[in-house]
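[1] what's the 3D shape of this:
(chains A, B, C, D, E and F)
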Amino acid sequence: MSRNVGIASRLKRNKITEVVASGKRMDGRDLLDYREIQIKTGVLEKVEGSAEAYLGKTRVLVGVKFGKGYPFDDTPDKGVLMTNAEFTPIAHPTFEPGPPDERSIELARVVDRGLRSAEILDMKKLCLVPGKSVYMVHVDIYVLSYDGNLIDCSALAAIAALKTAKMPVYTVKDENVKLTKKTKAVKILREPLAVSIVKIGDSLLVDPSADEEEVMDARITITLDEKGNVCTIQKVGSVGFTRDELKTAVQIAAEKVEELRKNV
Amino acid sequence: MSRNVGIASRLKRNKITEVVASGKRMDGRDLLDYREIQIKTGVLEKVEGSAEAYLGKTRVLVGVKFGKGYPFDDTPDKGVLMTNAEFTPIAHPTFEPGPPDERSIELARVVDRGLRSAEILDMKKLCLVPGKSVYMVHVDIYVLSYDGNLIDCSALAAIAALKTAKMPVYTVKDENVKLTKKTKAVKILREPLAVSIVKIGDSLLVDPSADEEEVMDARITITLDEKGNVCTIQKVGSVGFTRDELKTAVQIAAEKVEELRKNV
Amino acid sequence: MSRNVGIASRLKRNKITEVVASGKRMDGRDLLDYREIQIKTGVLEKVEGSAEAYLGKTRVLVGVKFGKGYPFDDTPDKGVLMTNAEFTPIAHPTFEPGPPDERSIELARVVDRGLRSAEILDMKKLCLVPGKSVYMVHVDIYVLSYDGNLIDCSALAAIAALKTAKMPVYTVKDENVKLTKKTKAVKILREPLAVSIVKIGDSLLVDPSADEEEVMDARITITLDEKGNVCTIQKVGSVGFTRDELKTAVQIAAEKVEELRKNV
Amino acid sequence: MSKKKSKKTTKRFDGRKPDELRPLKIESGVLPHADGSAYIEMGRNKILVGVFGPREMHPKRFSKPNMATLRCRYHMAPFSVDPRRSPAPSRRDNEISMVMRYALEPAVFLERYPRSVIDVYAEILEADGGTRTACINAASVALVDAGIPVRDLVASCAAGKIDGQLVLDLGDYEDKEGDADVPLAYMPKTEHVTLLQMDGILSQDDFNGCIDMAIEGCKQIYEVQREALKKKYGLDEGEAN
Amino acid sequence: MSKKKSKKTTKRFDGRKPDELRPLKIESGVLPHADGSAYIEMGRNKILVGVFGPREMHPKRFSKPNMATLRCRYHMAPFSVDPRRSPAPSRRDNEISMVMRYALEPAVFLERYPRSVIDVYAEILEADGGTRTACINAASVALVDAGIPVRDLVASCAAGKIDGQLVLDLGDYEDKEGDADVPLAYMPKTEHVTLLQMDGILSQDDFNGCIDMAIEGCKQIYEVQREALKKKYGLDEGEAN
Amino acid sequence: MSKKKSKKTTKRFDGRKPDELRPLKIESGVLPHADGSAYIEMGRNKILVGVFGPREMHPKRFSKPNMATLRCRYHMAPFSVDPRRSPAPSRRDNEISMVMRYALEPAVFLERYPRSVIDVYAEILEADGGTRTACINAASVALVDAGIPVRDLVASCAAGKIDGQLVLDLGDYEDKEGDADVPLAYMPKTEHVTLLQMDGILSQDDFNGCIDMAIEGCKQIYEVQREALKKKYGLDEGEAN
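    The predicted structure is shown next:
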């Protein structure tokens, strides 16, 4: 049942639902087709890692910065990984400049949880002096163009940026930490990628466009690592999923994630 | 003279003033009667001290947390006591979620001043390493239901929570501070409790309900310790008190505080 | 071309433009006349330096505070100079209390850039222990009355306050920094002062009043040191300057700054 | 309780069986000034939920012309966790507020109150693991207590994996030590899952096992919720489906 | 000055007698752009107060249909205290703004300007003890300077106890070292106390003594306020009571 | 390129001649959802500018009855500088947003769109020296790409002094080491300077030399801007003066 307001919006919903019910989409794709995927790495010079990912007209830039900082009180022997997401106002006419809103908080949280719960970095190896000095890894997601499915696009860019990053090397002597001119590759333990599946009427489809996200009933995002393990799940939207729909969604995600994986 | 706006409000005020002028109150109490007082201590497990106080339908939860932190620059040899108050939106339909407003700031300030000016804790004994490490004592007031007279209710809960708190014990060796598994009782030097008296027309009454606070001309809150000393005074409201009214108010407070004291 | 809105505002603009075109001003001044300048130093007792400057009805108070703090990471061997500006709501009926708006940010930035780019203090001499402890110099601009030309007025007050300030003396022994009771004069390397020139129609005029600022087409502020070097430039306003106008503006500024300099 | 899911019989940290819920207590109508309310103790979680509305929405331009807006706020008291936390909402709080809303919305007949708002405020007084599921359990009861018509109650709990074993309703300690945690919310009548999240690493089989185990847990919680509502819930039966 | 209250004749820190006010100077009409203004030096306090209004209130929905709204803002310059303070308002500042409003409201005929607002802005340029009382003294003069009709001037000062002795108008040092501090505001004509606060520990007798002493102090300050207003205040005499 | 300004032939840090611009690339129409857009690489600066509007202004009371409002926002990505910066806008960002607006406003026929707003958003993806001039170059192209009528393009670059020599278009390293930096914006058709700032210490002669050198640099940039707009700019020729 649609919960979108406004006549224009309801007409759009009716149209999209009708097309989707027939197994097709407004832009001609099949329900389980991704749009064209493109990934460029090393696009920025001032950061340790960077990548730009495109899903059709959706475009996300991720910069990875390594620095030195204090560990958290409860994990004195672990490095710190921080994920942040910003929706720039150039990405879509409806985005406004200002502090992060619900959507950008969700994007950052889901990508962050994806990286964290999959333990993609060995955080203990990112400790320099226990309790005093550790690596700080900032993963900054910057949304440059919005046409739906930001989570999948951001996860692709984040993994691509981390995989190609060169981290600075510090020497530690008597708790004195010194930056050297050397760098080394970042060791990635797992490569979780996200597949978002939306429900419109009784249909499930992948890689939703902005219009499809606007009219969707619900969305489930499933992050899987390279062994097919499930790492993160996020369901949003004001309609529920049946047990069968969930099983189907996991199968779809397991299949599509292999396709995505070819790009990073 | 009433300064409240709106017809409904003025009718309410007229009615309440009339009843009060006859020496009675809308809920049947006498002018100097408190509502039923109830105090429960040890209601939370994760804090060092806690208490819930009820004054009729007014309900306040206080949690006391002890931690370790840095002293203030100007008091390097003293622990730090911090009082905070939050009005939760479940307490009253007119309360909104968000940053503290004037009322919650006043509540926190008056309770804080009450604890501080009465020097209820020996702050010097809460120093671990001068200039480097001291006890931090957080008194958090959480308003769960509002039907007037939050200050008296909060002071009751705060004193009850502090009196029953068990603080962690640290060992200090060569400026190294270590948490032990031991705890000890908190030594309370004084027990200041608050009595709020409101003026409606020419009458003074205690323990105002939400309605009485809405229409009152002024309020004076008097905090007294167990020896009858005055510790904190706060007058608010857009009408003044005569010298005689103030004297009467102090007498009422001195009398009523003994009644409150039986509950902690 | 006027870009001001509202009929009253346009009438005001027409009137002022007309008078200015004839080489005169509403208050009888010539285009290149400053209003009466008055400077008082040592007006506050709790700060290391203070000065109040008046330009006609414009009045600015500057307090200079010296303290001890941490250096910035990228300049471990330099003291820190911070300039802040506040527009108090008593200065003008249109000023509202609250966080700094665009105008107060610009004022602080231009004065700050003026002090900084002219390197008026030898910041290396304000280092106590490299990387650990340096002098913090706070220059606080407090606008008490607004009738235009705040930048020139603030620069005058800031230089006057710094010139007459007495900074505290610390002793340093084995990285231990101790405050002594001694004070010493602050060594000022340069004395940059600002001259603001506004363009109304085809005329350039100095020391604009609030009304003139309201209707002006553009403003250029030029800061010069005592040797006639240019230190800071700031152009604002929605009209441009021709190359000739800029040359003229620099000449005017070089001339008028000598007049201002007599006051500090 | 469905015993077939428990593969081992190893005791858990707190002595529970793998598919055993923590002690659960729900009370409705506990706040004098809210339109509806509930208090829940689920393990050591202590949570109060107040519901206000349907009432007029301010500012009006954010209201929806054809339905009510459901607003949820997940808020932790500073003393609810150790060490004490700042009262300002974190990104995690905001995310949980959002998923709470999505978990409850499918149950509520929002169409009956166009242009109005229903506020659901959850105050976490003490936090054990699984605060979000406990909030949903209490909020669903509080909505019915407020007289708001619903399709069904929403019951919620998590399943997860710890030491190679699937377990139900993880406490704080298990939450931090386990391999994965799958909070879920469920409407038994419509058989819809309205909340589903996960963090950790699980094979697809284990993930499916967690879902099944959590749904069974929800069914038990559902009975406690119904009990808490007693007669009030009886009135609402007619609304369902 | 009422001598009977001083029990001892010990000199104070700054050489004053127990019931002696600090040097006091009030000037009115000092700000060119305010509707009314006053500058006060009370000890080392240096404070400027500007009054704007009655003027239209924005946003309108906060205005009162039957009277004007009095808004007060107590604001300290960053350099007014040592060490320098941040310009952001503290909880203390907000509380003092509130009690200032309550101290002044009883004096103002707010009913004459329905729906409008009167803004009273106090800027503390330098702070000694007792800034709030100094603000009230200046604000009351500034209100009259703005032509706003009042029942009476509000005069304000504190009394307190230090080294076992009751003393009037505590300075910064005494404020910090003393046993207690009782700031009070008073309208001599109506004999109403419109501000009363206290922090410290005082017997009920001493507390009553402080009130009496502070009221005497207010009466002296009142004369200085009247002097500052000269003719302007004369016009206002007819308004009282 | 005007060679007469270069006094010495010493090579610069990056091998450029004193009056040589950094490598410059401008592309228009690069953002699918903006009304107009441009991407610029100027040295190592990488900047995207999107233009939205003219569109309705919210809140309406801030709109101007006789003209459009031009809003500019200069915003740096957290990874654009080393070390990483916080995403919150700084005082410097706000100042640059303001001077960008003043640099562009003289070029735009704002009178044609009363009550509306034109938003210019500059996103700094990577920052070398001279970000503000690069933003203005891209923004001017993006405004034309959005179909907004302009008097002329605004071209912008800086000149400065380093090691006693006047140099054009300072990079990051030169910016920090140099004696002074004079960013300037220029409309060649009307010969108006619409941005002028400076920080450093320059004799009046050197300052005048910098202005002349920067204007020459702007003229070269102007050609690159025109090239980027190709046919679109052709349409706009008729508008000028």
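
[2] Run through chain D and note the low-pLDDT ranges.
    D:1-10, D:231-241 (pLDDT under 70).

[3] From the centroid of it, which residue is nearest?
    The centroid of chain D falls nearest to residue D:136 when counting by CA atoms, centre = their mean (2.2 Å).

[4] what separates the helix or strand containing that residue from the chain centre, distance-wise?
    Assigned by DSSP states H and E, residue D:136 belongs to helix D:131-145. Offset of helix D:131-145 from its chain centre (CA atoms, centre = their mean, to the nearest Å): 5 Å.

[5] ok, is that helix in contact with chain A or not?
    No. Shown here: helix D:131-145 not in contact with chain A (CB under 8 Å from any CB of the partner chain), separated by at least 12.4 Å. C-beta: built from backbone N, CA, C; applies to glycine.

[6] Who are the contact partners of the residue nearest to the centre of chain D?
    D:100, D:103-104, D:154-156, D:185, D:195 (CB atoms under 8 Å, 6 or more residues apart in numbering or on different chains).

[7] For chain A, see how far away it is.
    From residue D:136 over to chain A the distance is 13 Å, taken as CB to the nearest CB, to the nearest Å.

[8] In stretch A:244-260, which residues are buried?
    Buried residues in stretch A:244-260, counted by 16 or more other CB atoms under 10 Å in any protein chain shown: A:245-246, A:249-250, A:252-254, A:256-257, A:260.

[9] do the same with stretch D:173-180
    D:174-175, D:178-180.

[10] near chain B at all, that stretch?
    No. Against chain B, stretch D:173-180 shows no contacts by CB under 8 Å from any CB, the least distance being 13.0 Å.

[11] where does that stretch sit relative to the chain's centre, distance-wise?
    The answer for stretch D:173-180 is 19 Å, by CA atoms, centre = their mean.

[12] With stretch D:121-138 instead?
    That offset, for stretch D:121-138, works out to 7 Å (CA atoms, centre = their mean).

[13] would you list the buried residues of stretch A:244-260 in JSON lines and tack on secondary structure and distance to residue B:50?
    Formatted as JSON lines, those follow (DSSP: H, G, I helix; E, B strand; the rest coil; distance: CB to CB, whole Å):
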{"residue": "A:245", "secondary structure": "helix", "distance to residue B:50": "44"}
{"residue": "A:246", "secondary structure": "helix", "distance to residue B:50": "41"}
{"residue": "A:249", "secondary structure": "helix", "distance to residue B:50": "44"}
{"residue": "A:250", "secondary structure": "helix", "distance to residue B:50": "44"}
{"residue": "A:252", "secondary structure": "helix", "distance to residue B:50": "49"}
{"residue": "A:253", "secondary structure": "helix", "distance to residue B:50": "45"}
{"residue": "A:254", "secondary structure": "helix", "distance to residue B:50": "48"}
{"residue": "A:256", "secondary structure": "helix", "distance to residue B:50": "50"}
{"residue": "A:257", "secondary structure": "helix", "distance to residue B:50": "48"}
{"residue": "A:260", "secondary structure": "helix", "distance to residue B:50": "50"}
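
[14] Intersect the residues you listed with the contacts of chain B.
    Okay, of the buried residues of stretch A:244-260, nothing touches chain B (CB under 8 Å from any CB).

[15] Helices of the chain, start to end?
    Let's take chain A. With DSSP state H applied, chain A shows helices at A:7-21, A:102-117, A:150-163, A:210-215, A:243-261, listed in chain order.

[16] right idea, wrong chain: chain D
    D:91-104, D:131-145, D:172-177, D:204-236.

[17] Need the winner for burial among these.
    helix D:131-145 (a mean of 30; mean count of other CB atoms under 10 Å in any protein chain shown).

[18] Quick one: closest of the helices of chain D to residue F:131.
    In terms of CB to CB, the element of the helices of chain D nearest to residue F:131 is helix D:91-104, at 29.1 Å.

[19] neighbouring contacts of that closest one?
    A:102, A:105-106, A:108-109, A:218, A:234-238, D:70-76, D:120, D:122, D:131-132, D:135-136, D:139-140, D:143, D:154, D:156, D:185, D:194-195, D:197.
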